[in-house]
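J.: build the 3D model from these lines:
(2 chains)
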Protein chains: 2
Amino acid sequence: MFYIIGLGLSDEKDITLRGLEAIKSSSRVYLEAYTSILMIDKDRLEAFYEKPVILADRDMVETQSDEILHRADVEDVSLLVVGDPFGATTHTDIILRARALRIPTRVIHNASIMNAMGACGLQLYNFGQTVSLVFFTDTWKPDSFYDRVKENASLGMHTLLLLDIKVKEQSEENLARGRKIYEPPRYMSIPTAISQLIDTESTRNEGILTPSTTLAIALSRVGGGPEHERIVAGTLEELLAQPEERFGEPLHSLVIVGKRLHHLEVEYAGEYAVDRENWRRVAREVYGCALE
Amino acid sequence: MFYIIGLGLSDEKDITLRGLEAIKSSSRVYLEAYTSILMIDKDRLEAFYEKPVILADRDMVETQSDEILHRADVEDVSLLVVGDPFGATTHTDIILRARALRIPTRVIHNASIMNAMGACGLQLYNFGQTVSLVFFTDTWKPDSFYDRVKENASLGMHTLLLLDIKVKEQSEENLARGRKIYEPPRYMSIPTAISQLIDTESTRNEGILTPSTTLAIALSRVGGGPEHERIVAGTLEELLAQPEERFGEPLHSLVIVGKRLHHLEVEYAGEYAVDRENWRRVAREVYGCALE
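T.: Numbering: from 1, shown residues only, chains lettered A, B, ... in the order given. Next up, the predicted model:
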């Protein structure tokens, strides 16, 4: 059996009992290590599972998946994925490949940011499509995310923005010279994300993201408990003014609040507001929310 | 500490290790038993946890939450919820109440249908807002769901429809007479859901849901493994023609496929199609999907 197992969002204890059983029965255990990160490292997982864990980079999962699937028709093999296995396209690829090889497959689900974002107090029902925000460079500032946020905003929906992560990237020079030397991992911070949003708004100028009156909620390490989880709510400019440490450790996500905002959502998320009075004022005056 | 713990989607083994630890440390354990169901009953949970589990109905969670929260400031109390704690509004209510009472709270996340729906092969990124579909009666056929599906469809997004569940409902007569006698639980089936969709389309007539060319995917007991999980894909009329047993046991959900359909989504979900050739034909000819 080929298992793809969601690890959930923070550490080794977020796995399900079913997932742990599958790992225990597996002769090889791979950890997908490029679309997301756990709060802990491989050594701690190995100690916890009492068996070695093989890091699987993008190359291995996308183009050398037969190595992972080797003998999975006669023994158990597990691929561990942070969050839920269906967060990223690449896992449907490997399942299609397993099917083609007639290897039985089982997916073991877990929480991912796509549902755990409910922790900020906004209703999951009121979210539109999820959008990725990639690092801008001097020469490449892709703004298609803006169209997606605009589509959601036009319906009053909230938008979850997943902030970019760069793992195992090569510098242009190393790439050109074919040297497999990798840059340190980079995770987009909340201030960087908001700067990019405001930058794009100033170019596009369609009034979708207004620094002083667009409400947003920054999320970090959701489910990680009081020591790790950070949820910070405010207008874009309020969030931009916060020191980076306020937003905790990566990975970060940012929710852009839609106009179909319910007073209970305002109340719940108000707990996380930089300035609770201003949060409520904007919700009332700009979002038209009926608050007491 | 007051814990709200997601149980995941199918049975006692879908809980996380962190969730199980919290239950073990709790002096009282409640199970929320009205917005969703597990595939197993309370007795099995009690045997597994080695402690009693108190069923909490809507009244208890919504209006008598102080009973649940009693002494949670000095001992551990757990409220178990099928799926993830932030699937339903009522759990934000009880957390707000806990905050007001200055009771420390921790949410332990898990998979819910809101992310596990990725199992059908459609990308989570391409889903718009989630919509509930309630049972029609002779005199009440609320069609606001149609507007929501239309909004998503206008952007090419997929829609997850959560099908109604009636638990602890009273008949009109028993309600009128104040008799606390409850009807057996009812779960909306896929054929009933599709009949309601077609019924509404014939009234609204805006061409959002066309029986022969709107693609949909029925989901049941996602994550429940080969014995329990059912995923069935087809046009609305193909699904309507299937015997009810084909769709497995409740709870059921139905995904309406949006036009922003990727060929990899078609390929993956094609595995579940009632008629794979027709599935691909409609994807190509009606959805404009570039298939080989």
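J.: how about A:Asp138, phi and psi?
T.: Backbone torsions for A:Asp138, taken as degrees, to the nearest 10, come to phi -60, psi -30.
J.: quick check, stretch A:9-25 touching chain B?
T.: Yes - for stretch A:9-25, a contact with chain B is found by CB under 8 Å from any CB of the partner chain, at A:Leu9, A:Glu12, A:Lys13, A:Asp14, A:Ile15, A:Thr16, A:Leu17, A:Arg18, A:Leu20, A:Glu21. The way it works is simple: take the backbone N, C-alpha and C, and place the C-beta from them, glycine included.
J.: could you find the closest non-adjacent residue to the last one?
T.: Take A:Glu21 and drop its neighbours on the chain: the residue closest to it by CB to CB, 6 or more residues apart in numbering or on different chains is B:Lys13, 7.1 Å away.
J.: pretty sure A:Ala22 is one of the things that neighbour touches, is it not?
T.: No - with contact defined as CB atoms under 8 Å, B:Lys13 does not count as touching A:Ala22 (10.2 Å).
J.: ok, the two, which is more surrounded?
T.: A:Ala22 (22 against 16; other CB atoms under 10 Å in any protein chain shown).
J.: residues in contact with A:Ile256?
T.: A:Val149, A:Asn152, A:Ala153, A:His158, A:Thr159, A:Leu161, A:Leu209, A:Thr214, A:Leu215, A:Ala216 (CB atoms under 8 Å, 6 or more residues apart in numbering or on different chains).
J.: which of those residues sits closest to chain B?
T.: A:Asn152 (8.0 Å; CB to the nearest CB).
J.: give the rounded mean pLDDT of the helix or strand harbouring the closest one.
T.: Per DSSP states H and E: A:Asn152 is located in helix A:144-154. The pLDDT scores in helix A:144-154 average 97.
J.: got the contact list for that helix?
T.: A:127-129, A:131-134, A:158-159, A:161, A:200-201, A:204, A:206, A:208-209, A:256, A:258-259, B:155.
J.: same thing but at 10 Å, please
T.: Outside of helix A:144-154, the residues within contact range by CB atoms under 10 Å, 6 or more residues apart in numbering or on different chains are A:126-134, A:157-162, A:196-197, A:200-201, A:203-204, A:206-209, A:214, A:256-260, B:125, B:128-129, B:151, B:154-157.
J.: which strands or helices does the helix or strand following that helix pack on?
T.: Next along the chain after helix A:144-154, taking DSSP H and E as the criterion, comes strand A:159-163. Counting by 3 or more CB pairs under 10 Å, 6 or more residues apart in numbering or on different chains; DSSP states H and E, the packing neighbours recorded for strand A:159-163 are helix A:113-116, strand A:131-133, helix A:144-154, helix A:190-204, strand A:215-220, strand A:252-256.
J.: how far is the first one from where the chain is centred?
T.: Pointing back at helix A:113-116 there. With CA atoms, centre = their mean, to the nearest Å as the basis, helix A:113-116 stands 8 Å off its chain's centre.
J.: helices or strands next to that helix in the packing?
T.: Judged by 3+ CB pairs under 10 Å, 6+ apart, the packing partners of helix A:113-116 are strand A:159-163, strand A:252-256, helix B:113-116.
J.: please verify my assumption that A:Ile113 contacts A:Leu160.
T.: Yes - with contacts counted by CB atoms under 10 Å, A:Ile113 reaches A:Leu160, the gap being 7.2 Å.
J.: can you list residues touching both of those two?
T.: By CB under 10 Å, 6+ apart, the residues touching both A:Ile113 and A:Leu160 are A:Thr130, A:Leu219, A:Ser253.
J.: which one of these sits closest to chain B?
T.: Distances from chain B to these, taken by CB to the nearest CB, are shortest for A:Thr130, at 5.1 Å.
J.: burial measure for the closest one, as a count.
T.: 21.
J.: doesn't A:Arg221 make contact with A:Leu9?
T.: Yes - with contacts counted by CB under 10 Å, A:Leu9 reaches A:Arg221, the gap being 7.2 Å.
J.: who has more neighbours, those two?
T.: A:Leu9 (26 against 22).
J.: mind listing what that one touches?
T.: A:Leu9 neighbours (CB under 10 Å, 6+ apart): A:36, A:38-39, A:82-84, A:110-113, A:116, A:119, A:221-224, A:228-229, A:251, B:109.
J.: run a quick neighbour tally on A:Ser154.
T.: Neighbours around A:Ser154, by other CB under 10 Å: 15.
J.: now it: how far from A:Gln64?
T.: Distance of A:Ser154 to A:Gln64, computed by CB to CB, to the nearest Å: 43 Å.
J.: quick one: low-confidence parts of chain A?
T.: Applying pLDDT under 70 to chain A flags the ranges A:34-39, A:88-89.
J.: sorry, back to before: need the contacts of A:Ile256 in JSON lines (columns: distance to B:Ala72 and neighbour count).
T.: Converted to JSON lines, those look like this (distance: CB to CB, whole Å; neighbours: other CB atoms under 10 Å in any protein chain shown):
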{"residue": "A:Val149", "distance to B:Ala72": "39", "neighbour count": "25"}
{"residue": "A:Asn152", "distance to B:Ala72": "37", "neighbour count": "27"}
{"residue": "A:Ala153", "distance to B:Ala72": "39", "neighbour count": "22"}
{"residue": "A:His158", "distance to B:Ala72": "30", "neighbour count": "28"}
{"residue": "A:Thr159", "distance to B:Ala72": "35", "neighbour count": "23"}
{"residue": "A:Leu161", "distance to B:Ala72": "35", "neighbour count": "25"}
{"residue": "A:Leu209", "distance to B:Ala72": "40", "neighbour count": "22"}
{"residue": "A:Thr214", "distance to B:Ala72": "37", "neighbour count": "23"}
{"residue": "A:Leu215", "distance to B:Ala72": "31", "neighbour count": "27"}
{"residue": "A:Ala216", "distance to B:Ala72": "32", "neighbour count": "25"}
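J.: look at A:Gly225 and say how many residues are nearby.
T.: 13.
J.: also A:Leu122?
T.: A:Leu122 has 26 nearby residues by other CB under 10 Å.
J.: what's the helix or strand for it?
T.: Counting by DSSP H and E, A:Leu122 is found in no helix or strand.
J.: ok, now A:Ala283?
T.: Here A:Ala283 is assigned to helix A:276-285, by DSSP H and E.
J.: give me the residue from the stretch 151-292 of chain A nearest chain B.
T.: Closest to chain B within the stretch 151-292 of chain A is A:Gly223: 4.5 Å, counting by CB to the nearest CB.
J.: can you tell me the SS state at that residue?
T.: At A:Gly223 the chain is in coil, as set by DSSP: H, G, I helix; E, B strand; the rest coil.
J.: how near is it to A:Lys42?
T.: For A:Gly223, the distance to A:Lys42 equals 20 Å [CB to CB].
J.: neighbour count for those two, which is higher?
T.: A:Gly223 (25 against 14).
J.: right, and the more buried one touches B:His109 too?
T.: Yes - here A:Gly223 lies in contact with B:His109, judged by CB under 10 Å, at a distance of 4.5 Å.
J.: now the common contact residues for these two.
T.: What both A:Gly223 and B:His109 touch, as defined by CB under 10 Å, 6+ apart, is the set A:Gly8, A:Leu9, A:Ser10, A:Asp14, A:Ala111, A:Ile113, A:Ala116, A:Ala119, B:Gly6, B:Thr16, B:Arg18, B:Asp84.
J.: so which residues of chain A form strands?
T.: Using DSSP state E, the strands assigned to chain A run over residues A:2-6, A:28-32, A:54-56, A:77-81, A:105-108, A:131-133, A:159-163, A:165-166, A:186-187, A:215-220, A:230-235, A:252-256.
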